[in-house]
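Undergrad: what follows is a predicted protein model with its sequence.
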Amino acid sequence: MSRQYSQIACNVGVGSLTAEGGRDVDVVNEDTFMQPAEGAVETDRMRALTRYGILDTARDKTFDRIARMAARCFAVPMATVSMVDTDRIWFKAAYGLHGVKQVSRDPGLCASAILDDVPYLVCDALADPRASNNPLVRGTLGIRFYAGAPIVTADGHRLGTVDVLDTRPHQPTDDQVAMLADLAATVMDQLELRRAAASAAGSQQRLRDAAEDERDAAREDRDAAERDRDAAQLGRDAAERERDAIEEYAAVLQRTLLPPSLPNIPGLGLAAHYHPASRRQVGGDFYDVFVIQPERWAFFLGDVEGHGAAAAAVTSLIRYTLRSAALHYSDPIEVLAELNDVLIRDSSEKHSCTVLFGTLELSSDGPGFHMTIATGGHPPALLIDAADGSVSEVRSSGGMLLGVLADAKFEACNVWLRPGQTLLFYTDGLIETRNQGTARFGEGELASFVASRAGLGATELVDQLAALTSNLRPRDDVALLALTSR
């Protein structure tokens, strides 16, 4: 098989795990032939874990949902989001292990899974000579299958795992293993998001404190004008430094919500651009393109109501929900229905959003791509034809806002993207602005702009729209995604 993962069976011993309320429950603790990292590597790893402040925090719906999604993806009864501490493995989320908070850190499944950057699998422990005599396999629990993907920081420290377990053997698919790795990466995105949000909040508080100190100093030192001016300058310098820090945190936070790159799809040109309305606040616009099957891809673009850390958390929830749902549902309408259900049930702070979600594959009717696009309250895409310079809207007859009504309805339309045609998706920040503060730039102006550039491919068109967006100085964020059939 082509996928890369570590396939290791475990030996086990007996230990205990701590249930909520402090009650000890007899369980089997794992004990693998692989030993935990020691020395400087482990010290650095623990420093990395500490800086995210995740240990012993309260339950969180986002992490609970990730555990449920992992179990659902593998069709298994148990899944966890685990953090490996110095002497214990602590569960931020535990699905199918009711009341369990942590296990002691004897070398074992989770502890072994953080020793490598790739997913760690035991497909049938009973048939594996390295694990067949394991009490966890032979005992009452009868565990036969384990899969864990490490949660890895940008600087290479493995904090814990997203893992799944079952009493039946499994041979997971490439998509399932990849999904588990995606969920582990999503946990890391959430940790980065929360850390950046906390740092930004601290910077804002220090900025407010500095401003208050400056006002107090001005009231107390009115007779010392020169000293006041010096103090004011120092305060402005400090405020400038704080503003720079806030911008840096906002940029880090925003990067976690956008794909680092777009896939290479033969015969299709792809380009995207994101323009934040403010460098000091995280926006809620998003986009992504990713493979779901050989020769079949999915894409989406949307806009979350509001700005800041709360909207960013919802945006992250939307992105990984759409990616997961795309693997389970072939119909884009069902994908939007799943997202709507998640937003209604799981979002701690209610935020509505608009989304266009679609799939594309090579057309069987001729050259180009067949696309199905579902609408959730979003502005229509624009189909641009280089042959005649025409521009037409691509929209279904309906499609409601997501995250508002539990029974929201969505609709889809089909598009044949022929060679020389470009499909442009955008968020409404682009058409709700004014050109250099005077004339309104709306849907008609956008259609005229792209019609005059119908011969451009995706990259050149997005580059010119990005320059236009910068000149328009929109008050809202703008996301652009263009696809050109070659």
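TA: Done, it's in.
Undergrad: nearest residue to A386 other than its sequence neighbours?
TA: Spatial nearest neighbour of A386, excluding adjacent residues (CB to CB, 6 or more residues apart in numbering): G420 at 4.3 Å. From N, CA and C alone the C-beta is placed, and that goes for glycine too.
Undergrad: ramachandran coordinates for the one you found?
TA: Dihedral pair for G420: phi 90, psi 0, per degrees, to the nearest 10.
Undergrad: go on, V122?
TA: The phi/psi pair for V122 (degrees, to the nearest 10) is phi -130, psi 100.
Undergrad: my guess is it contacts F145, does it?
TA: Yes: using CB atoms under 8 Å, V122 is in contact with F145, at 6.6 Å.
Undergrad: these two - which one has more neighbours?
TA: Counted by other CB atoms under 10 Å, V122 and F145 do not tie: V122 has more neighbours, with 28 against 22.
Undergrad: would you map the strands across the stretch 151-300 of the chain?
TA: Taking DSSP state E, counting those that start in this stretch as the test, the strands found in the stretch 151-300 of the chain are 158-166, 268-275, 285-293, 296-304.
Undergrad: just name the most buried of these.
TA: Of all those, strand 158-166 has the most neighbours on average by mean count of other CB atoms under 10 Å, namely a mean of 26.
Undergrad: note down every partner strand of that one and its orientation.
TA: strand 78-84 (antiparallel), strand 145-152 (antiparallel) (DSSP bridges).
Undergrad: between those, which gets nearest to D331?
TA: Nearest of those to D331, taken as CB to CB: strand 78-84 at 25.9 Å.
Undergrad: list the helices and strands whatever helix or strand comes next after the closest one packs on?
TA: Of the helices and strands lying after strand 78-84 in sequence (DSSP states H and E), the nearest is strand 88-95. Strand 88-95 is packed against helix 61-74, strand 78-84, strand 100-104, with contacts defined by 3 or more CB pairs under 8 Å, 6 or more residues apart in numbering; DSSP states H and E.
Undergrad: between helix 61-74 and strand 88-95, find me the angle.
TA: Here the directions of strand 88-95 and helix 61-74 differ by 70 degrees (axes from the mean of the first three to the mean of the last three CA atoms, to 10 degrees).
Undergrad: can you give me the buried ones in strand 88-95?
TA: Buried residues in strand 88-95, counting neighbours by 16 or more other CB atoms under 10 Å, are found at 88-95.
Undergrad: where's the dip in pLDDT among the residues you listed?
TA: Lowest pLDDT within the buried residues of strand 88-95 is found at I89 (84).
Undergrad: isn't it up against V103?
TA: Yes: counting by CB under 8 Å, V103 is a contact partner of I89 at 5.0 Å.
Undergrad: so how far is G284 from the most centrally placed residue in the chain?
TA: Centrality entry for the chain: nearest residue to the mean C-alpha point is S316, 4.1 Å, by CA atoms, centre = their mean. Applying CB to CB, to the nearest Å, the value for S316 to G284 is 10 Å.
Undergrad: over to I54?
TA: Using CB to CB, I54 is found at 24 Å from G284.
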